[in-house]
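**Q** With the input below, show me the fold.
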Amino acid sequence: MDLNKLEKFSNEARKKLLGIVASKLEYVLSSDSAELREKSAQVLELKQELSKKGKESLIEEVAYTWFNRFIALRFMDSRGYTGIKAVSPLPGRTQPEILEVFKSGHCPDDIFVERNRLYRILDGSIPSRDPQNEVYRFLLIGVCNSWHKQMPFMFQKLKDHTELLMPDDLLSEHSILAGINEQITDGDCKDVEIIGWMYQFYVSEKKDEVIGAKRKIDPEDIPAATELFTPHWIVRYLVENSLGRLWMLNRPASRLKETMDYYIPRDGETEDDFLKVANPEEITVCDPACGSGHMLTYAFDLLTKIYEEEGYDRPEIAKLILQKNLYGMEIDLRAAALAAFALTMKARSYDRRFFRNGTIQPNIICLEKIIFDQQELSDYREAVGKDLFTDELEETLLSFENIDSIGSLLTPALSSPEYFLRQLEKKDFQNNWVLRITHEKVLAVLRQACYLARKYHCVVANPPYMGNKNMNDVLKEFAKKKYPDSKSDLFGLFIERGFDLVHKNGYNSMVTMQSWMFLSSFEKLRQKLLKEVTIETMVHMANMVMGIAFGTSATVWNKRYKPGFKGKFSFVDYKDLDEEKKPFEFPVRNERLSIASASDFKKIPGSPIAYWVNKWQKRVLCNEPLMKNAEFKEGLTTANNDLFLRYWHEVSFSGITLGANKTRESFIWVPYNKGGPYRKWYGNHFFVIDWRINGSKIQNYPGSSFRNKSYHFRRGATFSALSSALFSVRYSEYGFCFR
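**A** Next up is the predicted model:
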């Protein structure tokens with residue numbers, strides 16, 4: 001898979017589709033043709049959507065909707081799932097196979113179109129500027145509608161406003177479909193992973209725009225600003241050491257570990273207190289920020305092996321996994337659709353008869369903003385009764401007003417929304433359309449709350465990264481109130497929320513920025529984690545290992561504190577990756593490969609996750625801090641080094657003296673410690689400084705600074721303020737002044 005090629009194409013496709021949709025929108029709003037009059041309901045819906053979302057957001061949404069559909073159909077064409085190819089031509093041909101077949105006189109039974117009318121367009125009985133293109137547009141709409149029952153999340157029933165804004169040119173060599181067929185090869189479609197990459201590439205320019213604006217990020221821009229596709233080997237590491245470990249604990253004789261290349265074994269350790277599961281159907285895996293579903297698709301792969309090992313029939317396995325095992329939450333409807341599509345494709349790939357065995361929808365939910373006013377809630381309370389409409393229910397309903405900012409971080413006030421959902425579903429308001437609307441909104445909230453309130457065996461995620469300064473006011477206030485120990489960054493909130501979502505002894509596995517491991521702003525979070533839960537394994541990664549310019553850590557926690565437990569830690573540098581951006585070996589064997597426990601980290605001031613520190617370094621770090629026995633001071637800056645500094649060899653040795661109180665006006669030079677390169681113990685004595693009349697020439701120079709005068713010329717230790725190497729301290733003898 002040539003990711004550079006796909007990224008370039010996705011960016012170009014987005015620009016092209018945005019332009020096409022914008023032109024179509026202008027045409028529809030300004031024209032009064034017979035065709036548009038026939039579609040008056042769709043035009044009205046379009047105007048309502050435009051009023052609600054605004055022009056820019058509507059164009060962005062429709063453009064991506066069609067991109068989603070085209071990519072999905074191209075993937076299914078390549079895999080042979082569409083029967084007759086919907087957007088792809090046969091080898092050596094240029095037009096999509098379905099158009100070629102239709103022109104030969106055959107129309108698939110599951111594609112509902114006005115066949116006679118389309119044939120009349122082709123033979124010229126009905127005038128058309130571009131007969132073949134017009135016929136193909138209707139066929140493509142028919143194909144999308146035919147997939148609606150199986151995948152409504154991806155193929156909404158057309159005859160809505162998106163149909164009005166569908167691209168006109170779909171057959172020329174410059175069309176969007178021609179580009180998709182040229183750039184996305186059958187080889188690229190071997191794995192559904194391509195869907196996630198295409199999504200990240202499509203939104204990458206939008207992401208740059210949002211982040212580059214350096215402002216608080218609006219709810220509708222949060223997905224674009226925070227989406228990050230996870231490299232497959234990291235996904236495997238997280239899933240294998242959570243879901244895989246859970247199964248190995250329950251089935252010690254399982255051969256599953258033979259298929260898990262990134263599993264970290266326990267070296268013969270046994271454990272009695274672990275999360276028990278009787279069979280695979282009990283296991284639940286959740287990604288609370290699932291994006292395009294990469295974590296869940298690999299969990300699907302691992303679960304198929306678990307089911308097979310337990311002797312389940314193959315036709316049942318895919319269905320059971322989608323129905324019982326995998327759950328995903330998102331705030332981005334587009335990403336949620338892709339996650340559901342990716343899991344459906346996994347199921348179809350595993351079971352050729354999957355589409356024939358009824359309609360099975362993945363448990364992927366897009367958390368939807370729903371607003372109530374007090375009067376409608378008052379009317380609804382009166383209609384359903386106070387026994388059902390409790391204070392907790394009302395609080396839960398009102399909390400969804402800001403779900404587009406907060407997402408799965410929200411913990412519903414209702415601890416058992418399933419009960420309220422079952423009871424309220426029995427209510428019938430068909431004869432009262434006002435209450436019926438409120439009732440549907442209430443049920444929609446409760447269906448979402450069921451995902452948010454339940455406990456899972458494993459949480460696996462690459463949560464969004466967003467610093468506190470970029471959070472909008474709603475999210476910032478929520479973080480401050482609900483997650484004070486992790487409020488510095490959005491990923492920290494998700495780490496804490498992950499533990500809310502798992503059972504005791506369950507696994508919370510996340511790849512995040514490394515900052516939580518060291519920074520003082522996360523010290524309280526670290527102390528809480530080290531006290532309440534256990535790090536089982538961690539892969540610490542240097543800059544660019546994940547394709548981003550900062551360090552990250554993939555951590556598997558167990559939701560139980562295990563005194564004395566030693567977790568396994570490793571470090572991956574960029575040089576440790578092969579051409580496919582995977583480690584040459586795993587775990588990488590270097591000086592940081594180690595085992596460590598919470599007690600090791602707690603002894604170090606600030607409790608950093610300094611897993612690589614050896615026993616001698618720990619003794620030093622665990623001593624009383626140096627600042628309690630020494631004073632740290634800044635010294636002298638000249639504001640003009642060229643005027644006041646010289647190298648030792650540039651002046652007469654007789655003019656260099658140690659100490660202060662040099663009152664003469666003729667030149668006199670004293671040694672000056674100015675930092676310099678990495679050097680331990682002693683040295684970096686490069687410069688002398690003009691000290692005529694006790695340095696008054698410097699003190700009176702504009703912009704200079706002479707701090708802590710009484711500390712100059714005393715014995716002490718000095719170090720460079722900045723260094724690209726390790727920290728080093730040097731002895732400074734009597735007679736030197738310092739920067």
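**Q** Quick check on residue 572: phi, psi?
**A** Per-residue torsions, residue 572: phi -120, psi 120 (degrees, to the nearest 10).
**Q** My error: substitute residue 669 in the last question.
**A** Torsion angles, degrees, to the nearest 10, at residue 669: phi -120, psi 140.
**Q** what about the closest residue to it other than its chain neighbours, how many neighbours?
**A** Once flanking residues are discounted, residue 669 sits nearest to residue 688: 3.9 Å by C-beta to C-beta, 6 or more residues apart in numbering. To be clear about C-beta, it is placed using only N, CA and C from the backbone, and glycine gets the same treatment. Residue 688 is flanked by 24 other residues according to other C-beta atoms under 10 Å.
**Q** Who does the nearest residue to residue 683 once chain neighbours are set aside form a beta bridge with?
**A** Nearest in space to residue 683, with sequence neighbours left out and distances taken as C-beta to C-beta, 6+ apart, is residue 730 at 6.0 Å. Counting by DSSP bridges, residue 730 is bridged to residue 681, residue 718.
**Q** quick revisit: averaged pLDDT, the host helix or strand of the residue nearest to residue 669. What do you get?
**A** Element membership for residue 688, per DSSP states H and E: strand 687-690. Averaging pLDDT along strand 687-690 yields 86.
**Q** strands paired with it, and their directions?
**A** Strand 687-690 is paired, per DSSP bridges, with strand 645-647 (antiparallel), strand 669-673 (antiparallel).
**Q** from the middle of its chain, how far away would the last one be?
**A** What that stands for is strand 669-673. Distance of strand 669-673 from its chain centroid, counting by C-alpha atoms, centre = their mean, to the nearest Å, is 53 Å.
**Q** Dump that strand to CSV, restricted to CA.
**A** What follows is strand 669-673, C-alpha atoms only, in CSV (Å, rounded to 0.1, in the frame of the first residue of the first chain):
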residue,chain,number,x,y,z
TRP,A,669,39.6,40.0,32.3
VAL,A,670,38.1,37.4,34.6
PRO,A,671,37.0,33.8,33.8
TYR,A,672,33.4,33.4,32.7
ASN,A,673,31.4,30.2,32.8
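**Q** what does that strand contact?
**A** Under the contact criterion C-beta atoms under 8 Å, 6 or more residues apart in numbering, strand 669-673 has outside partners 636, 645-646, 651, 655-660, 662, 684-685, 687-691, 713, 718, 730, 732, 735-739.
**Q** sorry, back to before: from what I can see the residue nearest to residue 669 touches residue 644, true?
**A** No - using C-beta atoms under 8 Å, residue 688 is not in contact with residue 644, being 9.7 Å away.
**Q** tell me which residues in stretch 409-424 are buried?
**A** 409, 410, 411, 412, 413, 414, 417, 420, 421, 424 (16 or more other C-beta atoms under 10 Å).
**Q** Mind checking which of the residues you listed land in helices?
**A** Mapping those onto helices (DSSP state H) picks out 417, 420, 421, 424.
**Q** Surely residue 350 is in contact with residue 317?
**A** Yes - using C-beta under 8 Å, residue 350 is in contact with residue 317, at 6.9 Å.
**Q** Show me whatever sits in contact with both of those two.
**A** Residues touching both residue 350 and residue 317 by C-beta under 8 Å, 6+ apart: residue 304.
**Q** of these two, who's got more company?
**A** Neighbour count, other C-beta under 10 Å: between residue 350 and residue 317, residue 317 has more, with 22 against 16.
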